[in-house]
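# Predicted coordinates and the sequence they were generated for:
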Amino acid sequence: MQLELPWNDSAALQEMLEEESGLSIALTVTDNSRNLLSVKPDGAPERVVVRMHHMFLAADTKTLRALAEWIRRPKAQRSGELLDAFIRANRHRIRPQARRPRTIRVCSRGRCHDLQKLYDEVNQQHFDGQIQAHITWGQMPQQRRRRRSIRFGSYNHELNLIRIHPLLDQDFVPEFFVRYIVFHEMLHAFLGISESSSGRRQIHTREFRTREKAYPEYARALAWQEKSANLTRLLK
């Protein structure tokens with residue numbers, strides 16, 4: 001993004017740099033926080049294209065002379081060190097780049113189970129409709145070695161997104177078990193993350209465990225999960 005500045009400032013800087021470097025310079029002053037300074041040949045002899053962050057408009061004469069030397073000889077160690085020191089001292093002038101919002105792809109209807117339907121039922125029955133999270137089937141991870149365990153679900157606090165492992169979308173996996181996994185992740189969304197007295201993050205707190213055990217089908221779902229034949233079939 002090019003920054004609009006008073007013409008005489010950038011023009012005076014360009015004139016000074018041309019005089020000090022002995023080169024013809026096409027100068028652009030920017031607000032780019034990723035590339036603070038660059039020099040490229042312009043095709044014609046003794047002519048270069050220079051793009052620099054607007055912080056250099058506040059540079060003193062010593063720094064500008066180092067800048068001119070660096071434009072003429074980009075590998076000059078002494079001028080490079082001076083410019084690095086100037087940039088470190090002027091970090092406050094760099095505006096952080098705005099992050100692009102992440103695109104969330106939500107696919108809740110599976111071949112055997114409809115996550116959104118289960119989510120809506122659980123939300124009304126156990127959370128009074130208070131949870132506003134998204135829910136989706138996750139992507140099947142690339143399998144490089146034989147899988148020995150499986151993480152049935154996850155909740156991302158930043159995205160407010162529940163992901164359920166796609167291996168649960170099979171006809172032999174009972175709906176009550178998928179519903180329990182949905183409830184488990186919705187409970188994470190409901191309670192959030194707390195910290196212990198030592199500052200450590202706590203996800204499965206005492207309150208979480210108490211609420212989870214009060215879930216009507218908790219024992220049934222746990223029994224299905226702990227049956228080795230079911231886990232073996234899922235991991236295949």
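Thanks, I have it.
# Around Arg95, count how many other residues there are.
Neighbourhood size, Arg95 [other Cβ atoms under 10 Å]: 13. (Each C-beta comes from the backbone N, C-alpha and C, glycine too.)
# So this structure: which segments form each domain?
Per automatic domain parsing, the structural domains of the chain span 7-93, 115-235.
# would TSV of these with mean pLDDT be doable?
Formatted as TSV, the domains of the chain follow (pLDDT from 0 to 100):
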stretch	mean pLDDT
domain 7-93	86
domain 115-235	88
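# Would you mind putting those domains into JSON lines with distance to Ser108 and mean neighbour count alongside?
What follows is the domains of the chain, written out as JSON lines (distance: least, Cβ to Cβ, whole Å; neighbours: other Cβ atoms under 10 Å):
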{"stretch": "domain 7-93", "distance to Ser108": "37", "mean neighbour count": "15"}
{"stretch": "domain 115-235", "distance to Ser108": "4", "mean neighbour count": "14"}
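# TSV for the ones you listed, including distance to Cys107?
Compiled in TSV, these are given as follows (distance: least, Cβ to Cβ, whole Å):
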stretch	distance to Cys107
domain 7-93	34
domain 115-235	5
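# So for Ile104, which of these sits nearest?
In terms of Cβ to Cβ, the element of the domains of the chain nearest to Ile104 is domain 115-235, at 6.1 Å.
# how far out from the middle of the chain is that closest one?
Remark: domain 115-235 is offset 23 Å from the chain centroid, using Cα atoms, centre = their mean, to the nearest Å.
# and what of stretch 42-50?
The answer for stretch 42-50 is 38 Å, by Cα atoms, centre = their mean.
# Show me the helices in the chain, by range?
For the chain, the helices defined by DSSP state H cover 7-21, 61-72, 77-89, 115-127, 175-191, 206-213, 218-226, 228-235.
# Output those helices in TSV; the columns should cover distance to Leu159.
Shown next, in TSV, are these (distance: least, Cβ to Cβ, whole Å):
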stretch	distance to Leu159
helix 7-21	42
helix 61-72	43
helix 77-89	34
helix 115-127	15
helix 175-191	11
helix 206-213	20
helix 218-226	25
helix 228-235	26
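# so which of the ones you listed gets nearest Arg95?
helix 77-89 (14.3 Å).
# who's the nearest residue to Arg105 once chain neighbours are set aside bridged to?
Sequence neighbours aside, Thr136 is the residue nearest to Arg105 in space, at 7.2 Å (criterion: Cβ to Cβ, 6 or more residues apart in numbering). Taking DSSP bridges as the rule, Thr136 bridges to Arg163.
# Same check on Met52?
Beta bridges link Met52 to Val29, Leu37, judged by DSSP bridges.
# For it, give its distance to Arg95.
Look at Met52 and Arg95: by Cβ to Cβ, to the nearest Å, they are 15 Å apart.
# cool, and Leu168?
Leu168 sits 45 Å away from Arg95, going by Cβ to Cβ.
# repeat for Asn160
Computed with Cβ to Cβ, the distance linking Asn160 and Arg95 is 28 Å.
# Check Gln170 too.
50 Å.
# Show residues contacting stretch 155-168.
Residues outside stretch 155-168 that contact it (Cβ atoms under 8 Å, 6 or more residues apart in numbering) are 102, 104, 106, 110, 113, 115, 119, 132-140, 150-154, 177-178, 181-182, 185-186, 188-189, 192-193, 234.
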